[in-house]
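Asks: quick check, what structure comes out for this input:
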Amino acid sequence: QVQLVESGGGSVQAGGSLRLACAASGYKDIDVMGWFRQTPGKEREWVASIYLSRDWTYVAELLKGRFAISRDDAKNTQYLQMNSLKPEDTAMYYCAARRVSTGPWDYWGQGTQVTVSS
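Replies: Numbering: from 1, shown residues only. Alright, predicted model coming up:
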């Protein structure tokens, strides 16, 4: 069973940076890891994905140039580097994992809050 634990959220002023981390246990079962975010009253929004067997990375078009996803296999951890943060980036950020390359996400973390003030 995969368990995902996020960390690194917090409060930052606009223009600042944060790096979120997602530590995974049961890592061998996973092919894709990703990040989503959600604000109250809105649907969960996909942010980025990394395909572990191919080392492909994808970032939502509107976030390219500011956000980047990476991983450290030695630590079983993936990261979301967020730069030039804006107030509209304020959200709960969730780590997710999937056993196969497509389809629904199988595992979710509890989320970490990111708040960007103007």
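
Asks: show me what the spatially most central residue of the chain is bridged to.
Replies: What sits nearest the mean C-alpha location of the chain, by CA atoms, centre = their mean, is W35, with 2.6 Å. Beta-bridge partners for W35, by DSSP bridges, are A48, C95.

Asks: tell me the contacts of it?
Replies: 20, 22, 46-49, 69, 80, 93-96 (CB atoms under 8 Å, 6 or more residues apart in numbering). In short, each C-beta sits where N, CA and C put it, glycine included.

Asks: quick one: those as JSON lines, columns for neighbour count, distance to Q110 and pLDDT too.
Replies: Shown next, in JSON lines, are these (neighbours: other CB atoms under 10 Å; distance: CB to CB, whole Å; pLDDT from 0 to 100):
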{"residue": "L20", "neighbour count": "25", "distance to Q110": "13", "pLDDT": "98"}
{"residue": "C22", "neighbour count": "26", "distance to Q110": "11", "pLDDT": "96"}
{"residue": "W46", "neighbour count": "15", "distance to Q110": "18", "pLDDT": "98"}
{"residue": "V47", "neighbour count": "24", "distance to Q110": "16", "pLDDT": "98"}
{"residue": "A48", "neighbour count": "23", "distance to Q110": "19", "pLDDT": "98"}
{"residue": "S49", "neighbour count": "21", "distance to Q110": "19", "pLDDT": "97"}
{"residue": "I69", "neighbour count": "20", "distance to Q110": "19", "pLDDT": "97"}
{"residue": "L80", "neighbour count": "27", "distance to Q110": "15", "pLDDT": "98"}
{"residue": "Y93", "neighbour count": "23", "distance to Q110": "11", "pLDDT": "98"}
{"residue": "Y94", "neighbour count": "22", "distance to Q110": "8", "pLDDT": "98"}
{"residue": "C95", "neighbour count": "27", "distance to Q110": "9", "pLDDT": "97"}
{"residue": "A96", "neighbour count": "22", "distance to Q110": "12", "pLDDT": "96"}
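
Asks: which ones are touching W105?
Replies: When contacts are counted by CB under 8 Å, 6+ apart, W105 is found next to 34, 96-98.

Asks: quick one: pLDDT of it?
Replies: On pLDDT, W105 comes in at 94.
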